[in-house]
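1. Structure for the following, please:
(chains A and B)
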Amino acid sequence: DQQVKQNSPSLSVQEGRISILNCDYTNSMFDYFLWYKKYPAEGPTFLISISSIKDKNEDGRFTVFLNKSAKHLSLHIVPSQPGDSAVYFCAASANAGGTSYGKLTFGQGTILTVHP
Amino acid sequence: GAVVSQHPSRVICKSGTSVKIECRSLDFQATTMFWYRQFPKKSLMLMATSNEGSKATYEQGVEKDKFLINHASLTLSTLTVTSAHPEDSSFYICSASRDGMIQNQVQETQYFGPGTRLLVL
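-> Reported below is the predicted structural model:
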């Protein structure tokens, strides 16, 4: 049972344009969401996160939007750069409050390619 | 940022042998480490949560006797795949958690190792 889904296996975007990566979840207990970026032969690196008490979190070029009623979140990258080309994973945690989120459930990942 | 290493990065072994994978947090102490497995074109699946000095907590469906986890120190956790078979071939990734500053707030963050590619012949 895939509780976190990224239905688009790949996304291709022109440099300077916006990249929108989507993620859906089914478990209503999830209350903390994260996006990770992964280059080949490297482990995932943390990008940005959002708590379920918010619907938007912005950090530089990266913005994550959360729609709890639709159980959907998205990552916006603007402007996209060739160096953003990587696999992006969304992840979710069912940890209530605090600064620790513990166990993560990952989506399948979306390969983003940003063309110069 | 925090650095987590894994060794070996790639291993090929014969069916029936055991393989040990090490996960080290190089510049911080991690009371909790996680072991994930990733199948091709699939998501990272949490296998177990490892706490220093105590027994690991395994996820449903993960065989404890097959995947032995030891977290002997605050900087080292090991995963041993015992009596490996071809179906154990996979990409294994560990992560170590620590508190960090995320957007000016203290937030626990998981730092991932580069992963270990296991191929069982």
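
2. Could you check how far the residue of chain B found nearest chain A is from A:Asp59?
-> Residue of chain B nearest chain A, by CB to the nearest CB: B:Phe112 (3.0 Å). (Glycine included, C-beta is placed from N, CA and C.) Remark: distance between B:Phe112 and A:Asp59 (CB to CB, to the nearest Å) = 19 Å.

3. one step back: now the residue of chain B closest to chain A: how far from A:Gly16?
-> 30 Å.

4. does B:Leu119 really touch B:Ser89, like I thought?
-> Yes - judged on CB atoms under 8 Å, B:Leu119 makes contact with B:Ser89 at a distance of 5.0 Å.

5. so where's the chain uncertain?
-> Let's take chain A. Filtered on pLDDT under 70, chain A yields the residue ranges A:95-101.

6. To clarify, I was referring to chain B.
-> B:1, B:100-103, B:105-107.

7. neighbour count winner among B:Phe112 and A:Gly16?
-> Higher neighbour count among B:Phe112 and A:Gly16: B:Phe112, with 23 against 11, using other CB atoms under 10 Å in any protein chain shown.

8. If the more buried one is in a bridge, with which residues?
-> Using DSSP bridges, the bridge partners assigned to B:Phe112 are B:Ser95.

9. Can you give me every residue that contacts it?
-> Contact analysis of B:Phe112 by CB atoms under 8 Å, 6 or more residues apart in numbering or on different chains lists A:Tyr36, A:Gly43, A:Pro44, A:Thr45, B:Val4, B:Ile93, B:Cys94, B:Ser95.

10. which of those residues lies closest to A:Ala91?
-> A:Tyr36 (6.3 Å; CB to CB).

11. can you give me the strands for chain B?
-> In chain B, strands defined by DSSP state E lie at B:4-7, B:10-13, B:19-25, B:32-38, B:44-51, B:57-58, B:67-73, B:76-81, B:90-102, B:105-112, B:116-120, listed in chain order.

12. Output the fourth one in PDB with nothing but the alpha carbons.
-> Right, the one you point to is strand B:32-38. Taking C-alpha atoms only, strand B:32-38 is exported to PDB below (Å, rounded to 0.1, in the frame of the first residue of the first chain):
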ATOM      1  CA  THR B  32      18.900   7.300  16.000                       C
ATOM      2  CA  MET B  33      19.800   5.800  12.700                       C
ATOM      3  CA  PHE B  34      17.400   4.400  10.000                       C
ATOM      4  CA  TRP B  35      17.900   1.800   7.400                       C
ATOM      5  CA  TYR B  36      16.100   2.000   4.100                       C
ATOM      6  CA  ARG B  37      15.900  -0.200   1.100                       C
ATOM      7  CA  GLN B  38      15.200   1.000  -2.400                       C
END
